[in-house]
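Visitor: Sequence and predicted model, in that order:
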Amino acid sequence: MNRPSVLRSAEALYVLTVAGLATTGAVRGTGWPYGVAIVLTLPCGLAATVLVYGGYAALKGVGGLLLAATRADGSDAAWLTAASGTLDVALFTAAAVANVLLLERWRTQPGRKGSSLAPPARR
């Protein structure tokens, strides 16, 4: 296996890990997987976190015009829980992909000394 394919595999594993954590947080309704996903996706995770909160407010506001946003017991309606969980997973996965692309751009930036993470080639 050559170095680029190992790097691509690590990048894919990173994105899948973040997506799995966000999915776990959405399904179980717990916060710790989201916290780990935010830390793993820094710096883009900060933007994703802001968009998660803004997206939830938009879903509740716009969707609430057509459907009830809460149940009689005061909890969120099923459509809102499913939609916000889907949004969370999509945003954190997009943040992980953005981090991979930022790292790739940084690694291949022309004129930067040591622009590759790979060890120097043997002669």
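Guide: That came through fine. Numbers count the residues shown, from 1 in each chain.

Visitor: Just give me the residue right at the centre of this structure.
Guide: Phe92 (1.5 Å; C-alpha atoms, centre = their mean).

Visitor: Find me whatever residue is spatially closest to that one, sequence neighbours aside.
Guide: Ala22 (4.1 Å; C-beta to C-beta, 6 or more residues apart in numbering). C-beta here means a position set from N, CA and C on the backbone, and glycine is covered the same way.

Visitor: Shouldn't the one you found be within a helix?
Guide: Yes. Remark: Ala22 belongs to a helix, assigned using DSSP: H, G, I helix; E, B strand; the rest coil.

Visitor: quick one: contacts for it?
Guide: Going by C-beta atoms under 8 Å, 6 or more residues apart in numbering, Ala22 touches 33-34, 37, 88-89, 92-93.

Visitor: can you do 10 Å?
Guide: Each residue near Ala22 by C-beta atoms under 10 Å, 6 or more residues apart in numbering is listed here: 33-34, 36-38, 41, 48, 52, 85-93, 95-96.

Visitor: Please produce a PyMOL select command covering the buried subset of those.
Guide: Per 16 or more other C-beta atoms under 10 Å, the buried members of the contacts of Ala22 correspond to this PyMOL selection:
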select buried, resi 33+34+36+37+38+41+48+52+85+87+88+89+90+91+92+93+95+96
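
Visitor: picking that back up, what's the residue nearest to the centre of the chain in contact with, if anything?
Guide: Per C-beta under 10 Å, 6+ apart, neighbours of Phe92: 15, 18-19, 21-23, 25-26, 33-34, 37-38, 40-41, 44-45, 48-49, 51-52.

Visitor: Output the below-cut-off pLDDT ranges for this structure.
Guide: Residues of the chain meeting the criterion pLDDT under 70: 1-3, 112-123.
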